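Trainee: Show me how the following folds:
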Amino acid sequence: QLQASGGGFVQAGGSLRLSCAASGRTFSSYYMGWFRQAPGKEREFVAVINWSGRSTNYADSVKGRFTISRDNAKNTAYLQMNSLKPEDTAVYYCAAKYGTWGTLHDLDYWGQGTQVTVSS
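Mentor: Next comes the predicted model:
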């Protein structure tokens, strides 16, 4: 019910915008967020946005470079990634949880992941 897209190959310093399209229900009451997983590493939190879009939180590693947003009319969340670095290379997953946010293991929905590769 979550479809992530927008990944690709980009040079360091470039930008990408990921999209997470929700279907099957209205996600306007859900917190939506992004995680990423690099090869050989654990999945880590990237960013989260509350149901109204007025509150956001970011991992320290992406603060000032990434921006999460949402359009409830389109049932879609976005992750604008600027000033990309090789260490941002990972599979990016979107996730959603009703009414609040949670940890990696208690979220309600996950997208399938989209690959982001940043070359040096």
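Trainee: Geometrically speaking, which residue is the centre of this protein?
Mentor: Of all residues in the chain, the one closest to the mean position by CA atoms, centre = their mean is residue 34, 2.6 Å from it.
Trainee: Show me what counts as buried in stretch 45-61.
Mentor: By neighbour count with 16 or more other CB atoms under 10 Å, stretch 45-61 contains the buried residues 45, 46, 47, 48, 49, 50, 51, 58. Using the backbone N, CA and C atoms, a C-beta is placed for each residue, glycine as well.
Trainee: typed the wrong thing, it's stretch 13-33
Mentor: Residues of stretch 13-33 classed as buried by neighbour count (16+ other CB under 10 Å): 16, 18, 19, 20, 21, 22, 27, 30, 31, 32, 33.
Trainee: Now for residue 9: which residues touch it?
Mentor: Shown in contact with residue 9 (CB atoms under 8 Å, 6 or more residues apart in numbering): 117, 119.
Trainee: Parallel or antiparallel, which strands does the host helix or strand of it pair with?
Mentor: Here residue 9 sits within strand 8-11, counting by DSSP states H and E. Strand pairing for strand 8-11, using DSSP bridges, gives strand 114-119 (parallel).
Trainee: Run the chain-centre distance for the strand it pairs with.
Mentor: With CA atoms, centre = their mean, to the nearest Å as the basis, strand 114-119 stands 13 Å off its chain's centre.
Trainee: Distance check, the nearest residue to residue 67 once chain neighbours are set aside against residue 102.
Mentor: Once flanking residues are discounted, residue 67 sits nearest to residue 80: 4.5 Å by CB to CB, 6 or more residues apart in numbering. Using CB to CB, to the nearest Å, residue 80 is found at 24 Å from residue 102.
Trainee: Perfect, I'm done here.
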